[in-house]
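Undergrad: coordinates only, sequence not included:
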């Protein structure tokens with residue numbers, strides 16, 4: 001005898017969450033036509049007959065939020081931005097009596113896609129907080145298409161996704177302007193992968209600051225590496241060869257590695273960096289830091305997700321320039 005088709009089967013076949021199937025079955029309005037059609041086609045194909053018990057189970061809260069980190073644990077938990085954000089997310093979720101499920105992935109982007117799809121289809125979470133975004137981010141596209149409640153820490157134009165972010169163009173421009181005001185003219189830019197939209201925005205801010213000051217922007221002054229101390233240490237060799245006066249970094253870990261190398265050689269370079277983490281207190285070369293308020297980004301991501309304010313598409317968290325000497 002054939003097994004009875006369940007609401008979980010329909011969710012799997014249509015590529016959406018069980019709660020989304022329940023909304024379609026119940027005739028709720030907050031479902032896109034494409035999603036509604038996919039669910040209805042799956043129901044028609046399988047002969048699924050919904051029942052009230054299944055609907056009740058589908059609408060039961062899992063009291064758990066998935067937090068997506070596109071790094072392996074050894075990388076993600078060594079990055080100050082992720083540490084500060086996760087701590088704030090966990091603290092805020094605890095106030096709502098909800099738990100956090102951390103989802104890590106390898107450098108292979110498809111690994112994240114597979115893990116997130118399985119997680120959504122398992123119906124074990126109430127929503128997603130994604131802590132980074134890349135160009136053509138397939139995971140984010142899937143979350144948008146399946147109308148999974150999602151908040152992104154970053155920038156996106158995708159529908160159904162709420163974002164909480166900094167004005168990274170403005171923040172980098174302000175920081176580079178400070179370096180220029182100190183007489184710096186030969187300024188390098190060091191960041192993580194150019195595939196990240198935050199890198200794109202901060203590169204734009206760097207370029208605008210130079211051009212508005214009448215300084216030449218040159219791609220030869222742009223360096224990409226990984227978001228960790230060792231990578232900053234090794235990229236410092238390239239900066240030393242070109243004898244830069246200053247460097248604008250997009251992450252404290254990279255900046256700390258650069259500072260370490262310069263200090264070992266008895267050299268000095270002005271350092272602008274982002275996050276204003278504890279690493280600034282241990283650097284022998286003073287950091288000029290852009291405090292992105294990672295804790296507030298984390299807190300607001302939870303508030304936006306759980307309060308489900310349909311009128312909010314994007315929230316900006318203010319940054320602050322911290323000048324040390």
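TA: Alright, I've got the coordinates. These numbers were taken from a predicted model, which means no experiment stands behind them.
Undergrad: residue 306 and residue 162, how far apart?
TA: 11 Å (C-beta to C-beta, to the nearest Å). (C-beta placed from N, C-alpha, C; glycine too.)
Undergrad: oh sorry, the question was meant for residue 186
TA: Counting by C-beta to C-beta, the gap from residue 186 to residue 162 is 41 Å.
Undergrad: higher neighbour count, these two?
TA: residue 162 (20 against 13; other C-beta atoms under 10 Å).
Undergrad: what helix or strand does the more buried one sit in?
TA: strand 161-165 (DSSP states H and E).
Undergrad: ok, then the element right after that strand?
TA: helix 168-181.
Undergrad: just checking: what are the partner strands of the following helix or strand past that next one?
TA: Going down the chain from helix 168-181, the next helix or strand is strand 187-191, by DSSP H and E. If you go by DSSP bridges, strand 187-191 pairs up with strand 222-224 (parallel), strand 246-249 (parallel).
Undergrad: look at residue 309 and report its pLDDT.
TA: What the model reports for residue 309 is a pLDDT of 66.
Undergrad: got it, and residue 56?
TA: 43.
Undergrad: which stretches of this protein have low pLDDT?
TA: 1-2, 27-29, 50-61, 107-109, 308-310 (pLDDT under 70).
Undergrad: can you do 80?
TA: Applying pLDDT under 80 to the chain flags residues 1-4, 19, 22-23, 26-30, 49-62, 106-110, 123, 308-311, 325.
Undergrad: which stretches of it form strands?
TA: 64-69, 99-104, 127-130, 150-153, 161-165, 187-191, 222-224, 246-249, 270-274, 287-291, 314-316, 320-322 (DSSP state E).
Undergrad: now these in a markdown table, with distance to residue 197?
TA: Output for the strands of the chain, formatted as a markdown table (distance: least, C-beta to C-beta, whole Å):
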| stretch | distance to residue 197 |
| --- | --- |
| strand 64-69 | 15 |
| strand 99-104 | 20 |
| strand 127-130 | 12 |
| strand 150-153 | 10 |
| strand 161-165 | 9 |
| strand 187-191 | 12 |
| strand 222-224 | 14 |
| strand 246-249 | 17 |
| strand 270-274 | 14 |
| strand 287-291 | 17 |
| strand 314-316 | 13 |
| strand 320-322 | 22 |
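Undergrad: closest one to residue 176 among those strands?
TA: strand 246-249 (5.5 Å; C-beta to C-beta).
Undergrad: list the contacts of residue 304.
TA: Applying C-beta atoms under 8 Å, 6 or more residues apart in numbering to residue 304 gives the contacts 151, 162, 164, 312, 315.
Undergrad: for residue 41, see how far away residue 26 is.
TA: With C-beta to C-beta as the criterion, residue 26 and residue 41 are 18 Å apart.
Undergrad: oh, I was asking about residue 5
TA: To residue 41, residue 5 is 14 Å away according to C-beta to C-beta.
Undergrad: what about the two, which has more around it?
TA: More neighbours surround residue 5 than the other of residue 5 and residue 41, with 16 against 13 (other C-beta under 10 Å).
Undergrad: wait, that one touches residue 48, no?
TA: Yes - Residue 5 lies in contact with residue 48 (C-beta atoms under 8 Å); the separation is 4.4 Å.
Undergrad: isn't residue 206 right up against residue 170?
TA: No - using C-beta under 8 Å, residue 206 makes no contact with residue 170, being 11.8 Å away.
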